[in-house]
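Q: got a predicted structure plus its sequence, pasted below:
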Amino acid sequence: MAIHPTAIVDSQARIAASAEVGPYCIIAADVEIGERTRLMAHVYVEGVAIIGDDNLFYPYTTVGVASQDLKYQGERSETRIGNRNQIREFITIHRGTEGGGLITRIGDDNLLMAYTHIAHDVQIGNHTILANGVTFGGHALVGDWAVIGAFSGVHQFCRVGRHAMIGGYSVITQDVLPYSTTVSEREVKVFGANATGLERRGFNKENIDALHKAFRLLSRSGLNTSQAVERIRAEVPQSAEIEELLAFIAASARGFVK
């Protein structure tokens, strides 16, 4: 096995001959690491943790650490991770508790993007994608092939069904149906020109006022975009900033916030 000289590996840990433990990793007792699994650097793993084959752990990940549940009293519990998972930077995976069956489990072929938090007793299936910053409360369950968008939070004990997709920044407090696309309500509006910022950068009052009028026509006139653009061209003093705004609108493939 390839163990970097700066790594600290407990003599009781069981590490496959083809596994790789990179610089400054710490592997505690009661850890088992399978064939060809690689810990790149600065990965901390605490037992009982059983990790399968062909996993890739990126730097600054912690695996198997004690639950944040205040009911946890140090009972012996486990973290189990299957095969061929990608565990990206700064991910936290907490071991199980007595109230949840004493095990946190991640299946096979999952992608956990940076800053994901897997709380105690969470059960992740296979082939899931958990985008950056996804956070689970304890005891959550995620079915196979689910996709959860960035910075979404899943409340404790909630289930996400198989093949479900959750949009980014969602707050999930109930079960998510299998095969569904689900997103929590999120209203985003434009309120006008960035007057203070533009003043600080030397834009004159006339140009800022023109931008304010353009934004009012776009967002609060009741006109559709084409009608608002026509009114802007007819009624708003033209300038390089107005032309830039209109060109930006014309090139928008996904629509724009208004």
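A: Arrived safely.
Q: Arg38: neighbour count?
A: 17 (other Cβ atoms under 10 Å). Placement of C-beta: from N, CA and C, glycine included.
Q: spit out the contact partners of the spatially closest residue to Gly137 that is not a sequence neighbour.
A: With Cβ to Cβ, 6 or more residues apart in numbering as the criterion, Gly137 has its nearest non-adjacent residue at 3.1 Å, and that residue is Gln156. The neighbours of Gln156, taking Cβ atoms under 8 Å, 6 or more residues apart in numbering as the test, are 119, 136-140.
Q: can you pick the most crowded of those residues?
A: Ranking those using other Cβ under 10 Å puts Phe136 first, with 29 neighbours.
Q: tell me what that residue is bridged to.
A: Listed beta-bridge partners, Phe136: Val154 (assigned using DSSP bridges).
Q: show me the helices in the stretch 101-250 of the chain, by range?
A: Taking DSSP state H, counting those that start in this stretch to define them, one finds helices in the stretch 101-250 of the chain at 195-200, 205-219, 225-235, 240-250.
Q: out of those helices, which one sits most buried?
A: Per-residue neighbour counts averaged over each of the helices of the stretch 101-250 of the chain give the maximum for helix 205-219, namely a mean of 18 (mean count of other Cβ atoms under 10 Å).
Q: what is that one packed up against?
A: Contacting helix 205-219 under the criterion 3 or more Cβ pairs under 8 Å, 6 or more residues apart in numbering; DSSP states H and E are the following elements: helix 195-200, helix 225-235, helix 240-250.
Q: alpha carbons of that helix, in CSV - could you do that?
A: Output of helix 205-219 as CSV, limited to C-alpha atoms (Å, rounded to 0.1, in the frame of the first residue of the first chain):
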residue,chain,number,x,y,z
LYS,A,205,-26.9,61.2,-12.2
GLU,A,206,-28.5,61.4,-15.7
ASN,A,207,-27.2,57.9,-16.6
ILE,A,208,-28.3,56.4,-13.3
ASP,A,209,-31.8,58.0,-13.7
ALA,A,210,-32.1,56.6,-17.2
LEU,A,211,-31.2,53.1,-15.8
HIS,A,212,-33.8,53.5,-13.1
LYS,A,213,-36.5,54.3,-15.7
ALA,A,214,-35.4,51.3,-17.8
PHE,A,215,-35.7,49.0,-14.9
ARG,A,216,-39.1,50.3,-14.0
LEU,A,217,-40.4,49.6,-17.5
LEU,A,218,-38.9,46.1,-17.4
SER,A,219,-40.1,45.1,-14.0
